[in-house]
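Undergrad: this one's sequence-less:
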């Protein structure tokens, strides 16, 4: 197993900060206030699973000029000191009376010289990872500072990956590829679905995943009921289509793709459905170029899925990918984001099957100057057979 | 491996709703608006790993009388329909123009007859899992509805577990116990730490975990640098103390405890440090009874850790546990929460070791009428030796 180098050189973070600062200047923002795991990590390199604990808030202040300032619980100060961030201010958290609010208010006030405009990511896919009570208290403490939407600055920056980032996503995909290749070793007619889920996650770890934040899937005759339910203990049986969809992580970057397996020989309908899904991915990848609109990828897939007519009630057929399982753009008719070199996407077509069932398929690609690069090992049109 | 029954009977959810409604009446709240994974799941039973995707917001409206209403993305409607929730309203998400705001506003308006007070969890440990932009839009749409802090209603309810919940946490603990017992099989002098991390997670899955959202740890001579860093590839060596701290999940409930291992025979200092940590847990568990204050558990441990004097700068020495890795109360001097039968806590003392290193230890207990029940298999005072 080849272990790529972990982390990024400082130049990567400096370039992210500079790009953000240019956009901040254009939008008239004096600072950005970041408080979610990926946003803090994007500019600092602070990587820990400790965010699983919701108790403590974490902040990064990115001034319009100068270097980022971390305002964080003391428990994270030693790890933050290993990143390139030099200005680290910490408090003993949790503090039920003042959980970093004063320290953050002072930092913002100092950074802005008392007044100005602070951008906070407020758009789709964001959340406020601090208590609303503290958010209100912060704003009340700083009446001369306005907290505005960041105009999607952080989202826009994160959507276009550096080559170093793409290499990390490619590596996560390669780990999942190896894990998917081993599914026939442990899943067959009679294997309970929850055992398949457990074993698959263990295999992802064996193949090099740091952890497996996401696994979904399903199994049923000719398709599955939905793609978000936890596994039951129902055993696989002949005629089932098994689908596993994983978002595993290596060095802080996700893959997100799935594979379908036929338990026993597939009938013609299942075989054709799988071919159509793979063809839909091909149709999207053929037009996935810089300058193409996100919605065009949706329509390219939708046309194949609906047999040429288009207009299927399909939901989202893909999305951006990187530091989060899903991020950035959406492949939906309403998303007019223009593709750029360096964007990493999932192509995720789905179709209806008899009996209210569905089948989905997913690949990960990076937008390049010419044809996109497949980061996942492209699936064959022939569905893989278990118990062949 | 014994698999306990999954889920809860409907009576469990009805009782949670009724308890919330009594508190809402007392606080003058006409509804609760919930939008985080554990809060939505607590009242609905909606269990999925799909929350890993930050794209879509999810809502549960709990009226002061009557049944909860789910306002959720269409992709979750089929799974929600398998819960006891009958009123499910969904929209095609993500929608860049109106991502559920109108549907949620209409639902709240209908529920409250146009005006009233809605409680939203805003206190420590909470977050707003929807975009701030949509939060502002929601409030603007409903000028006659006031969104106030929920007075920690949800936090208070979730802190006291039912017997069914405690059984689930106990089961998660038992899975981790079995995994910890296998550490000597795969960790010894020379094993890279990141391989230990991967293998341990795989073993947790083999022993029955549904997934392993959290693993932290460290290794170093006589202790470790911190408890939140990711693993490096540095091999274990004689004199190291290895610590693994896991929050694994079974059926939506966490355990959260750790174990220390000495690589080779421990020196006297390491041996004594481990004994002191175990003694600190014992001191806290001896007074962990209904009526005791959370802060008292802190002081009981702190006295042992500081050799009787107290006053060590120790940070948090434990916390509540259940549907999240950390939730509810904190064992800190400032937390005056009164313990009640049914609360589930971690006892998590830590102490300084030479060279700037630390050692920590953690057990999980349930508060009972008499002595607390240890949910984790209580560690021996003797640190476990690897390469014995």
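TA: Thanks, I have it. Computed from a predicted structure; not experimentally measured.

Undergrad: What distance separates the opening and closing residues of stretch A:30-37?
TA: Using C-alpha to C-alpha, to the nearest Å, one end of stretch A:30-37 lies 22 Å from the other.

Undergrad: For that stretch, what is the distance to the chain centroid?
TA: Relative to its chain's centre, stretch A:30-37 lies at 19 Å (C-alpha atoms, centre = their mean, to the nearest Å).

Undergrad: Leaving out sequence neighbours, find the closest residue to the residue in the stretch 251-388 of chain A that chain B sits nearest to.
TA: With C-beta to the nearest C-beta, the shortest gap between the stretch 251-388 of chain A and chain B falls at residue A:326, namely 4.2 Å. (Glycine included, C-beta is placed from N, CA and C.) Nearest non-adjacent residue to residue A:326, counting by C-beta to C-beta, 6 or more residues apart in numbering or on different chains: residue B:53, 4.2 Å away.

Undergrad: Per the annotation, how does chain A divide into domains?
TA: The record's domain parsing of chain A by automatic domain parsing lists A:10-158, A:160-386.

Undergrad: from the chain's centre, how far out does the shortest one sit?
TA: Here the centre of domain A:10-158 is set off from its chain's centre by 20 Å, with C-alpha atoms, centre = their mean.

Undergrad: Can you give me the first-to-last residue distance of it?
TA: 17 Å.

Undergrad: again, but for stretch A:68-88
TA: Start-to-end, stretch A:68-88 (C-alpha to C-alpha) is 9 Å.

Undergrad: list the helices and strands whichever strand or helix holds residue A:60 packs on?
TA: Following DSSP states H and E, one finds residue A:60 within strand A:59-63. Counting contacts by 3 or more C-beta pairs under 8 Å, 6 or more residues apart in numbering or on different chains; DSSP states H and E, strand A:59-63 packs against helix A:10-27, strand A:31-34, helix A:37-44, strand A:69-73, helix A:101-112.

Undergrad: orientation of it relative to helix A:101-112 in degrees?
TA: For strand A:59-63 against helix A:101-112, the angle by axes from the mean of the first three to the mean of the last three C-alpha atoms, to 10 degrees is 10 degrees.

Undergrad: what does strand A:59-63 contact?
TA: A:17, A:20-21, A:24, A:30-35, A:39-40, A:43-44, A:68-72, A:85, A:100, A:104, A:107-108, A:111-112, A:130 (C-beta atoms under 8 Å, 6 or more residues apart in numbering or on different chains).

Undergrad: buried set for stretch A:158-177?
TA: Residues A:158-161, A:165-166, A:168-177 are the ones in stretch A:158-177 that count as buried (16 or more other C-beta atoms under 10 Å in any protein chain shown).

Undergrad: Stretch A:114-121 too?
TA: So stretch A:114-121, judged by 16+ other C-beta under 10 Å, has buried residues A:116-121.

Undergrad: now, which of those lie close to chain B?
TA: Among these, proximity to chain B is found for residue A:120 (C-beta under 8 Å from any C-beta of the partner chain).

Undergrad: circling back to that earlier point, the strand holding residue A:60 pairs with which strands, and in what direction?
TA: strand A:31-34 (antiparallel), strand A:69-73 (antiparallel) (DSSP bridges).

Undergrad: Mean neighbour count and mean pLDDT for these - can I get that in JSON lines?
TA: JSON lines is the format used below for the strands paired with strand A:59-63 (neighbours: other C-beta atoms under 10 Å in any protein chain shown; pLDDT from 0 to 100):
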{"stretch": "strand A:31-34", "mean neighbour count": "25", "mean pLDDT": "98"}
{"stretch": "strand A:69-73", "mean neighbour count": "24", "mean pLDDT": "98"}
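
Undergrad: Of those strands, which is nearest residue A:335?
TA: Nearest to residue A:335 among the strands paired with strand A:59-63 is strand A:31-34 (23.7 Å), distances taken as C-beta to C-beta.

Undergrad: For residue A:24, see how far away residue A:254 is.
TA: Separation of residue A:254 from residue A:24 (C-beta to C-beta, to the nearest Å) stands at 27 Å.

Undergrad: Between those two, point out the one with more neighbours.
TA: Higher neighbour count among residue A:254 and residue A:24: residue A:254, with 27 against 23, using other C-beta atoms under 10 Å in any protein chain shown.

Undergrad: I'd say the more buried one and residue A:344 touch.
TA: No. Applying C-beta atoms under 8 Å as the test, residue A:254 and residue A:344 come out as separate, 9.6 Å apart.

Undergrad: what sits in contact with each of the two?
TA: By C-beta under 8 Å, 6+ apart, the residues touching both residue A:254 and residue A:344 are A:169, A:321-322.

Undergrad: Next, format the residues you listed as JSON lines and append distance to residue B:146.
TA: Below are those laid out as JSON lines (distance: C-beta to C-beta, whole Å):
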{"residue": "A:169", "distance to residue B:146": "45"}
{"residue": "A:321", "distance to residue B:146": "40"}
{"residue": "A:322", "distance to residue B:146": "39"}
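
Undergrad: what subset of those is also close to chain B?
TA: Answer for the shared contacts of residue A:254 and residue A:344 near chain B: none qualify (C-beta under 8 Å from any C-beta).

Undergrad: What's the first helix or strand after whichever helix or strand residue A:304 is part of?
TA: Element membership for residue A:304, per DSSP H and E: helix A:294-305. Proceeding C-terminally, helix A:294-305 gives way to strand A:318-320 as the next helix or strand, assigned by DSSP H and E.

Undergrad: And that following strand, what's buried?
TA: A:318-320.
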